[in-house]
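K.L.:
Turn this into a model:
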Amino acid sequence: MADSAALLNTLPEPLRLQVEFAWSDFAAKAGNRALPAEILDALPRVWAASPFVAGHCSRRPERLFDLADSGRLLRVNRAEEYRGLLRRTLEGVAGEPELMAALRRFRNREMVRIAWRDIAGWAPLDETLRDVSLLAETCVQETLDFLFCQACALRGTPVDRDGQAQSLVVLGMGKLGAWELNFSSDIDLIFAYRDDGTLPDKKETSYAEFYTRLARSLIKVLDAVTEDGFAFRTDARLRPFGDSGPLVLSFDAMEAYYQAQAREWERYAMVKARTIAGDFEAGRELEEFLRPFVYRRYLDFRALGELRALKQKISAELQRKDRQENVKLGPGGIREIEFIGQAFQLIRGGHEKKLRDRRIRAVLDALAELNLMPAETVATLQRAYAYLRTVENRLQQYADRQTHDLPSAPAERLALAYALGHDGWESFKAELDAIRSEVHGIFLQVIAPTHGEDRQVLAIDGDSEKLAAALLTLGWSPADAEKAAGLLQQFHGSRAVHQLTQRGDTELKRLLPLLLGATARADEPVETL
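P.N.:
Numbers count the residues shown, from 1 in each chain. From the prediction side, this is the model:
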């Protein structure tokens, strides 16, 4: 093996000591086996930035040698490669415990490969995000296929309207749906099935029960922490009705929910939804049904109110002390860039097909192409997004932990700064702060609140004296305010107001102060009102 002093002398002292320990363990187990020069040259930087990678390689040198000998560490991953590799890994697996162990060993080896290529600078950001997403998608696909076959053998096979075997439809949400998954991310899933029915078993098990058991098994196999760690932390709370709703719904139930009960944030979430496993043909039908829910045929100005409320919620969270050093949720963070892109998608996506792309970077490019944002502003957001996502990955590659907070420990700070090409924390932090400041400035300009609308609401169900008093504060004269109060009382008693939904009533209370303030300045305010 290579001489450790020569190999590691480029590292800062605190990082060198950490890597030397892992290298000593690795060399003792590896014996006379040698790594290619290109991999050895990158090793100090990679191991210093990621104790996760260093730990896996030192404990199990065969994983690194396997990646090196196969050439996979030094080349781009092919689209279908994960599936073939995982299928071979799962050959001979008989039950859930064996499945979980094999899945975690496969996942950990591939995460070492992804992190190594990313930190070494061999993979651009888009490749890293794509590989993590493909890895998660493949693990979900192969696990579901395995569990579906087992469940069918035990209870019978559910079939669709054509008599063909019918599996679950698994929608990948968020960054998984957009092929943008970060290194140690949760995966957000929604489960559905097309045709309802019952199994021909003694209990006449309903399809709903069959698929619910299947989905629970899938989550357990992916999410449970064992001696080999976890495969992917799995979250199903984006489904209709959230935690209080069924884990799995039929297409008919999904349709009823999204047509009548879905909230605006669910429309926001559905921008990135994509079928990632199970019955892909049925999944395409579901995606087609959901498209009009997400992308209205017209310029959707009604969405402005909901997006403004969502922006206000984001802005309120930015004030939290525990958000200030968070590269995702803090000021100028990743979420602000995503909000900018998705706001345009929801308002104009029904009219502009180019805005329907799930990938945020493609959406940003479309905004410049369609002249919806200045090209230089989009270029700023693109550079910032790439930088922030790289910082996010380095944070998570350090210990394979889902975190977005900048570290406070000196050793972790140095590792992060060094991994991003800086000699120390101060220069890195100055660069990061400058980028976040640019992003936050752009975020503040998108869907800016109308002056005063965030401070005033007016209900018209009070008595005329209270209404008249409110009108005086909006600029009405006493004589005109009394007449206007009577008009508002009549309006409140109208059928149109009585039939308003809760959302409509909220909007009316928000808009009335603006309307009344404007009419107060007219030549004939009562007639204008």
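
K.L.:
Any idea how far whichever strand in the chain runs longest is from the middle of the chain?
P.N.:
Using DSSP state E, we find that the single longest strand of the chain is strand 187-193. Put simply, strand 187-193 sits 14 Å off its chain's centre (Cα atoms, centre = their mean, to the nearest Å).

K.L.:
can you check stretch 479-494 too?
P.N.:
The chain centre lies 48 Å from the centre of stretch 479-494; the measure is Cα atoms, centre = their mean.

K.L.:
Need the residues that contact it.
P.N.:
460-461, 464-465, 467-469, 471-472, 476, 497, 516, 519-520, 525-526, 529 (Cβ atoms under 8 Å, 6 or more residues apart in numbering). From N, CA and C alone the C-beta is placed, and that goes for glycine too.

K.L.:
quick one: which of those sit in helices?
P.N.:
Under the assignment DSSP state H, the contacts of stretch 479-494 contribute 464, 465, 467, 468, 469, 471, 472, 497, 516, 519, 525, 526 to helices.

K.L.:
in stretch 205-213, what counts as buried?
P.N.:
Neighbour counts over stretch 205-213 (16 or more other Cβ atoms under 10 Å) mark 205, 207, 208, 210, 211, 212, 213 as buried.

K.L.:
Wait, the second one touches residue 192, no?
P.N.:
If I follow you right, that is residue 207. No - using Cβ atoms under 8 Å, residue 207 is not in contact with residue 192, being 11.2 Å away.

K.L.:
Spit out the residues that contact these two alike.
P.N.:
Joint contacts of residue 207 and residue 192 (Cβ under 8 Å, 6+ apart) are residue 250.

K.L.:
who's in contact with residue 187?
P.N.:
For residue 187, the contact set (Cβ under 8 Å, 6+ apart) comprises 136, 140, 172, 176, 181, 222, 232, 233, 234, 235.

K.L.:
can we see that at 6 Å?
P.N.:
Contact analysis of residue 187 by Cβ atoms under 6 Å, 6 or more residues apart in numbering lists 136, 176, 232, 234.

K.L.:
Now do the top helix by length along the chain: distance to the chain's middle.
P.N.:
Ranked by residue count and defined by DSSP H, the top helix of the chain is helix 125-155. Chain-centre distance of helix 125-155: 18 Å, with Cα atoms, centre = their mean.

K.L.:
Can you list the helices and strands that that helix packs against?
P.N.:
helix 81-90, helix 96-120, helix 207-223, strand 274-278, helix 375-397 (3 or more Cβ pairs under 6 Å, 6 or more residues apart in numbering; DSSP states H and E).

K.L.:
Next, the angle helix 81-90 makes with that helix.
P.N.:
Orientation check (axes from the mean of the first three to the mean of the last three Cα atoms, to 10 degrees): helix 125-155 against helix 81-90 gives 40 degrees.

K.L.:
Go through helix 125-155 and flag the buried ones.
P.N.:
For helix 125-155, by 16+ other Cβ under 10 Å, it's 125, 128-144, 146-148, 150-152, 155.

K.L.:
residues in contact with residue 435?
P.N.:
Here residue 435 is in contact with 384, 387 (Cβ under 6 Å, 6+ apart).

K.L.:
Figure out the helix or strand that it lives in.
P.N.:
Assigned by DSSP states H and E, residue 435 falls within helix 425-445.

K.L.:
What are the buried residues along that helix?
P.N.:
425, 428, 429, 431, 432, 435, 436, 438, 439, 440, 442, 443.

K.L.:
Is it possible to get TSV of the residues you listed that adds distance to residue 54 and pLDDT?
P.N.:
Output for the buried residues of helix 425-445, formatted as TSV (distance: Cβ to Cβ, whole Å; pLDDT from 0 to 100):
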residue	distance to residue 54	pLDDT
425	21	96
428	21	97
429	25	97
431	26	98
432	25	98
435	29	98
436	30	97
438	34	97
439	32	96
440	35	94
442	38	94
443	37	92
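
K.L.:
can you list the residues that contact stretch 360-377?
P.N.:
Contacts for stretch 360-377 (Cβ under 6 Å, 6+ apart): 338, 341, 344, 352, 354, 355, 357, 378, 381, 382.

K.L.:
Which residues are in contact with the second one?
P.N.:
Spelled out, that is residue 341. By Cβ under 6 Å, 6+ apart, residue 341 lies in contact with 360, 363, 364.

K.L.:
And the fourth one, by the same measure?
P.N.:
Residues counted as contacts of residue 352 (Cβ under 6 Å, 6+ apart) are residue 370.

K.L.:
Also the one 5 residues further on?
P.N.:
With contact set as Cβ under 6 Å, 6+ apart, residue 357 has these partners: residue 363.

K.L.:
Give me the local confidence score for it.
P.N.:
On pLDDT, residue 357 comes in at 95.

K.L.:
what number of residues lie near the spatially closest residue to residue 436 that is not a sequence neighbour?
P.N.:
Distances taken as Cβ to Cβ, 6 or more residues apart in numbering place residue 332 nearest to residue 436, at 2.8 Å, with adjacent residues excluded. Residues within reach of residue 332, counting by other Cβ atoms under 10 Å, total 23.

K.L.:
Helix, strand, or coil at residue 332?
P.N.:
With DSSP: H, G, I helix; E, B strand; the rest coil as the basis, the three-state label of residue 332 is coil.

K.L.:
Return the residues in contact with it.
P.N.:
By Cβ under 6 Å, 6+ apart, the contact set of residue 332 is 436, 437, 439, 440.

K.L.:
returning to that earlier point: winner for burial among the helices and strands packed on helix 125-155?
P.N.:
By mean neighbour count, with neighbours taken as mean count of other Cβ atoms under 10 Å, strand 274-278 ranks first of these at a mean of 22.

K.L.:
which other helices and strands contact it?
P.N.:
Partner elements for strand 274-278 (3+ Cβ pairs under 6 Å, 6+ apart): helix 125-155, strand 169-172.

K.L.:
Other residues contacting the helix or strand that it is followed by?
P.N.:
Sequence order places helix 280-294 as the next helix or strand after strand 274-278, per DSSP H and E. The list of residues contacting helix 280-294 from outside it, by Cβ under 6 Å, 6+ apart, reads 169, 194, 258, 267, 270, 271, 275.

K.L.:
Who are the packing partners of the helix or strand that comes right after helix 280-294?
P.N.:
Heading C-terminal from helix 280-294, the first helix or strand you meet, by DSSP H and E, is helix 302-318. Here helix 302-318 touches helix 334-348, going by 3+ Cβ pairs under 6 Å, 6+ apart.

K.L.:
Can you give the distance of the helix it packs on from its chain's centre?
P.N.:
13 Å.

K.L.:
by how many degrees do it and helix 302-318 diverge?
P.N.:
170 degrees.

K.L.:
pull the CA atoms of helix 334-348 into PDB?
P.N.:
Below are the C-alpha coordinates for helix 334-348, written out as PDB (Å, rounded to 0.1, in the frame of the first residue of the first chain):
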ATOM      1  CA  ILE A 334     -32.500  26.500  -1.300                       C
ATOM      2  CA  ARG A 335     -36.200  26.700  -0.500                       C
ATOM      3  CA  GLU A 336     -36.400  30.300  -1.500                       C
ATOM      4  CA  ILE A 337     -35.000  29.500  -5.000                       C
ATOM      5  CA  GLU A 338     -37.500  26.600  -5.300                       C
ATOM      6  CA  PHE A 339     -40.300  28.900  -4.300                       C
ATOM      7  CA  ILE A 340     -39.400  31.400  -6.900                       C
ATOM      8  CA  GLY A 341     -39.500  28.800  -9.700                       C
ATOM      9  CA  GLN A 342     -42.600  27.000  -8.500                       C
ATOM     10  CA  ALA A 343     -44.500  30.300  -8.000                       C
ATOM     11  CA  PHE A 344     -44.100  30.900 -11.800                       C
ATOM     12  CA  GLN A 345     -45.000  27.300 -12.500                       C
ATOM     13  CA  LEU A 346     -48.300  27.500 -10.600                       C
ATOM     14  CA  ILE A 347     -49.400  30.900 -12.000                       C
ATOM     15  CA  ARG A 348     -48.300  30.400 -15.700                       C
END
